[in-house]
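Student: The following block contains a protein sequence and its predicted model.
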Amino acid sequence: IFLDVDGVLHPAKSGQPIAPLFRDECLRCLKNIVTATAAEIVLSSSWRLHPRGRTEVDKVLQQYGIGAVIGATPNLGGGAADRAREVAAWL
């Protein structure tokens, strides 16, 4: 699973505070998908670019029994517009 954190694990509406940062229902759904498919997670989110962000994602995934990410897509410098190329480069 190529995981983007923003809008997936915390689907906040624009202009509203994000509390808690990660949504329980979103993490439970991700856990169900991982359990049902034996999928592993590659971080494709901008969170991969910051060591503290990646650590936080790993921590919350492990708290839900999902396991740490197995890798991260490369940063090709184009932001979300380059996401598909970054996934292809990782593959």
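Tutor: Structure's in. What do you need? As the structure is a prediction and not an experimental result, all values here were calculated from the model.
Student: And the strands in the chain?
Tutor: Taking DSSP state E, the strands of the chain run over residues 2-3, 42-43, 71-72.
Student: Rebuild those as a markdown table, extending it with mean pLDDT.
Tutor: Below are those laid out as a markdown table (pLDDT from 0 to 100):
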| stretch | mean pLDDT |
| --- | --- |
| strand 2-3 | 96 |
| strand 42-43 | 96 |
| strand 71-72 | 95 |
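Student: for these, which one sits closest to D58?
Tutor: strand 42-43 (8.8 Å; CB to CB). From N, CA and C alone the C-beta is placed, and that goes for glycine too.
Student: coming back round to it: mean neighbour count, the strands of the chain: which tops it?
Tutor: strand 42-43 (a mean of 22; mean count of other CB atoms under 10 Å).
Student: re earlier: looking at the strands of the chain, which is nearest to D82?
Tutor: Proximity to D82 (CB to CB) singles out strand 2-3 among those, at 13.0 Å.
Student: other SSEs contacting that closest one?
Tutor: In terms of contacts (3 or more CB pairs under 8 Å, 6 or more residues apart in numbering; DSSP states H and E), strand 2-3 is packed against strand 42-43.
Student: what are the pairing partners of the strand it packs on, and which direction each?
Tutor: In the sheet, strand 42-43 lines up against strand 2-3 (parallel), strand 71-72 (parallel) (DSSP bridges).
Student: hmm, who's touching that strand?
Tutor: Strand 42-43 has contacts (CB atoms under 8 Å, 6 or more residues apart in numbering) with 1-3, 5, 54, 57, 69-73, 90.
Student: now R28: how far from L43?
Tutor: 19 Å (CB to CB, to the nearest Å).
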